[in-house]
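Colleague: attaching a predicted model along with its sequence, questions to come.
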Amino acid sequence: MPMETTGAGSLTGYVAEFIAGTRFADIPGSVVELGKKSILDGLGLALAGAVAKSGDLLRRHLRGLGLTQRAATVLGTAMRMPARFAAFANGTAVHADDYDDTQLAVARDRVYGLLTHPTAPALPSALAVAERDRRSGRDFLTAYHVGAEVECKIAEAINPRHYQHGFHSTATCGTLGAAAGVANLLGFTPDQARTCLGIAGSLAAGLRENFGTMMKPFHAGRAAEGGVIAAEFAQLGFTATPIVLEAGRGFFRAAGGGYDEAAVLGKLGKPWTFADPGVSIKPHPSGSLTHPGMTKMLELIRTHDIRPEQVVSVKVGTNQNMPNALIHHRPATELEAKFSMEFCMAILLLERRGGLNEFTDEIVNRPDVQAMIAKVDFGVHPEAEAEGYAKMTTILEIALTDGRVIRDRADFGKGSPAIPMSYDEVADKFRECAVYSRWPKSKAEEVVALVRTLEAVRDVRELTALLARAKPPARTPRQKPVRRAGKAKGAASRRRTR
């Protein structure tokens, strides 16, 4: 079991001891099963993200580096890269559609659902190194859980100012979590793990001003890559501060102005974050704060058979932190739409669904969508504000042409621990992503089955092989390159690498 440390010791030292001392047997079976759902979810999102425009641009960059090492798979492609770059590409892909899982808060002054996306940094970093080193599914699962646990507890501990003033915690806390997972996988001693965290603390970066652009998923990719870099340099013997978390000029104070030591000390794995308060898996590819409202809106649409032409106006009220994150009130792109409560309500009223195919530039700019967006008024509601930030209370009021006004509220969305997705439901989401990326159905079904028994896999290359495309045959001198049509507009312009 991980070694206990008292408050008199170093906080970074305590985290390092957890990293170095945790074994698969220390993780409760129920937590392992919860983690499998997030892993399957993340792998599907890597496939979907691989066909995003950002994925294409990122691979163009990687090809230009002239690298010859082929240690790890860039998921959804035929490309193989050194572990750090595979982690970078895959972390970016997992977060590309903002469809990945989210940590839930414990303390009431922490914003529920706005702490970090645990899987986007922790999964790609552990998977790339596990593939490179031919490690078992059990080793990979342990590293993933250690990384996600450290990431989430650090995100819980840092002062809320960190996020509220502009840091993207998936990028910052995610770098430390990714480093923790790789350090566990590499069998670091506590001293090596402390150094690894020290390096990671200086690599942690990412600003929320970039929400609604390609830089947001880039943050997650860099966090995953930063974890691998930190571990590799620590393994080489690079030096760094052994007290990066609690030092006066360390991570918590520099990036957040302070922290709650009690949120970390003695709490790693006690309980595991996956068990309590839990991790939400997203039912829609948009910011998690939209999901309670989207869950309730779909319910109301179906219950009352609401038609688009009946809608006069929609009022959406939340606590003040939600408009602070959902900043795009008149979105013009799919990336902006992910952070637009107005779009998320509008698309459900028009299409009765909000999946990958609905979040495109073309659909966002459809005249009927823009007209429905204009009918949605989103702001702070005193009732939701009074509920505090430990919930995502969303109050809906829909005025119809027949004079009816339909009112209801939701505190949580589908996929949260309060309304969880089963493994089979996550598998259906994985299949959605696989179809979206035109992944072979047979390989997709094998992934679903393999992840369900991941601890029995002897070499994670069994998994990554199912998520890699076969290399296209080399073009012979007689073959002529296919002349491509001019750049298409709208949704087609975004998805060109399937």
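Modeller: Structure received. These numbers were taken from a predicted model, which means no experiment stands behind them. Numbers count the residues shown, from 1 in each chain.

Colleague: please enumerate the helices of the stretch 151-300 of the chain.
Modeller: Remark: helices assigned in the stretch 151-300 of the chain by DSSP state H, counting those that start in this stretch are 161-164, 169-185, 190-203, 215-236, 251-256, 291-304.

Colleague: buried residues, the fifth one. List them.
Modeller: If you call a residue buried by 16 or more other CB atoms under 10 Å, then helix 251-256 has these buried ones: 251-253, 255-256. Where you see a C-beta, it was placed from the backbone N, CA and C, and this is true even at glycine.

Colleague: name the nearest of these relative to residue 109.
Modeller: residue 256 (12.5 Å; CB to CB).

Colleague: show me the contacts for that closest one.
Modeller: 158-162, 167 (CB atoms under 8 Å, 6 or more residues apart in numbering).

Colleague: give me the element the closest residue to residue 463 other than its chain neighbours is part of.
Modeller: With sequence-adjacent residues excluded and distances taken as CB to CB, 6 or more residues apart in numbering, residue 463 is closest to residue 450, at 5.8 Å. Per DSSP states H and E, residue 450 falls inside helix 441-452.

Colleague: doesn't residue 93 make contact with residue 45?
Modeller: Yes. Using CB atoms under 8 Å, residue 45 is in contact with residue 93, at 7.0 Å.

Colleague: re earlier: quick one: the residue nearest to residue 463 and residue 246, what's the gap?
Modeller: Residue 450 is 41 Å from residue 246, where distance means CB to CB, to the nearest Å.

Colleague: again, but for residue 61
Modeller: Taking CB to CB, one finds residue 61 at 36 Å from residue 246.

Colleague: the more surrounded of the two?
Modeller: Of the pair residue 61 and residue 246, residue 246 is the one with more neighbours under other CB atoms under 10 Å, namely 20 against 12.

Colleague: strands along the stretch 351-498 of the chain, start to end?
Modeller: 376-380, 394-400, 405-410 (DSSP state E, counting those that start in this stretch).

Colleague: mind putting those strands into a markdown table with mean neighbour count, mean pLDDT and distance to residue 22?
Modeller: Below are those laid out as a markdown table (neighbours: other CB atoms under 10 Å; pLDDT from 0 to 100; distance: least, CB to CB, whole Å):
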| stretch | mean neighbour count | mean pLDDT | distance to residue 22 |
| --- | --- | --- | --- |
| strand 376-380 | 17 | 97 | 42 |
| strand 394-400 | 20 | 98 | 37 |
| strand 405-410 | 15 | 97 | 36 |
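
Colleague: so can I have CSV of these showing distance to residue 425?
Modeller: Below are the strands of the stretch 351-498 of the chain laid out as CSV (distance: least, CB to CB, whole Å):
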stretch, distance to residue 425
strand 376-380, 28
strand 394-400, 22
strand 405-410, 18
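
Colleague: and residue 237, which of these is closest to it?
Modeller: With CB to CB as the measure, strand 394-400 is the member of those nearest residue 237 (51.3 Å).

Colleague: pairing partners for that closest one, with directions?
Modeller: Paired neighbours of strand 394-400 in the sheet (DSSP bridges): strand 311-318 (antiparallel), strand 405-410 (antiparallel).

Colleague: the first one - what's its average pLDDT?
Modeller: Looking at strand 311-318 alone, the average pLDDT works out to 98.

Colleague: next, the angle helix 291-304 makes with that strand.
Modeller: For strand 311-318 against helix 291-304, the angle by axes from the mean of the first three to the mean of the last three CA atoms, to 10 degrees is 150 degrees.

Colleague: strand 311-318: what's the following helix or strand?
Modeller: Per DSSP H and E, the first helix or strand lying C-terminal to strand 311-318 is helix 321-325.

Colleague: need the CA coordinates for the helix or strand following that next one. CSV is fine.
Modeller: Next helix or strand after helix 321-325 toward the C-terminus (DSSP H and E): helix 334-337. Listed next in CSV are the C-alpha coordinates belonging to helix 334-337 (Å, rounded to 0.1, in the frame of the first residue of the first chain):
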residue,chain,number,x,y,z
GLU,A,334,-18.3,24.8,-34.0
LEU,A,335,-15.6,25.4,-31.5
GLU,A,336,-17.4,28.5,-30.2
ALA,A,337,-20.6,26.5,-30.2
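
Colleague: which of the helices of the stretch 151-300 of the chain has the lowest mean pLDDT?
Modeller: helix 161-164 (a mean of 89).

Colleague: CA atoms of it as PDB?
Modeller: C-alpha atoms of helix 161-164 as PDB (Å, rounded to 0.1, in the frame of the first residue of the first chain):
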ATOM      1  CA  ARG A 161      -8.700  31.600  -8.500                       C
ATOM      2  CA  HIS A 162      -6.500  29.400 -10.600                       C
ATOM      3  CA  TYR A 163      -9.300  28.600 -13.000                       C
ATOM      4  CA  GLN A 164     -11.400  31.800 -12.500                       C
END
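
Colleague: how about low-confidence regions in the stretch 51-200 of the chain?
Modeller: 111-114 (pLDDT under 70).

Colleague: ok, now with 90
Modeller: 68-69, 98, 104-115, 163-164 (pLDDT under 90).

Colleague: measure stretch 152-171 end to end?
Modeller: End-to-end distance of stretch 152-171: 12 Å, with CA to CA, to the nearest Å as the criterion.

Colleague: from the chain's centre, how far out does it sit?
Modeller: Relative to the chain's own centre, stretch 152-171 is displaced by 15 Å; criterion: CA atoms, centre = their mean, to the nearest Å.

Colleague: report the buried residues of that stretch.
Modeller: 152-160, 162-163, 167-171.

Colleague: give me the angle between the helix or strand harbouring residue 345 and strand 311-318.
Modeller: Using DSSP H and E, residue 345 sits in helix 341-351. Interaxial angle, helix 341-351 versus strand 311-318 (the same axes, to 10 degrees): 140 degrees.

Colleague: and helix 341-351, how far from the chain's centre?
Modeller: For helix 341-351, the distance to the chain centre is 22 Å (CA atoms, centre = their mean).

Colleague: only alpha carbons, please: show that helix as PDB.
Modeller: In PDB, the C-alpha atoms belonging to helix 341-351 read as follows (Å, rounded to 0.1, in the frame of the first residue of the first chain):
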ATOM      1  CA  MET A 341     -25.500  27.500 -23.900                       C
ATOM      2  CA  GLU A 342     -27.500  29.300 -26.600                       C
ATOM      3  CA  PHE A 343     -26.400  27.000 -29.400                       C
ATOM      4  CA  CYS A 344     -26.800  23.800 -27.200                       C
ATOM      5  CA  MET A 345     -30.400  24.700 -26.400                       C
ATOM      6  CA  ALA A 346     -31.100  25.700 -30.000                       C
ATOM      7  CA  ILE A 347     -29.800  22.600 -31.700                       C
ATOM      8  CA  LEU A 348     -31.800  20.300 -29.400                       C
ATOM      9  CA  LEU A 349     -35.000  22.300 -30.200                       C
ATOM     10  CA  LEU A 350     -34.300  22.000 -33.900                       C
ATOM     11  CA  GLU A 351     -32.800  18.500 -34.200                       C
END
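
Colleague: what packs against it?
Modeller: Applying 3 or more CB pairs under 8 Å, 6 or more residues apart in numbering; DSSP states H and E, one finds that helix 341-351 contacts helix 291-304, strand 311-318, helix 334-337, helix 367-373, strand 376-380.

Colleague: run the last query once more with 7 Å
Modeller: On a contact count with 3 or more CB pairs under 7 Å, 6 or more residues apart in numbering; DSSP states H and E, helix 341-351 meets helix 291-304, strand 311-318, helix 367-373, strand 376-380.

Colleague: done for today, thanks.
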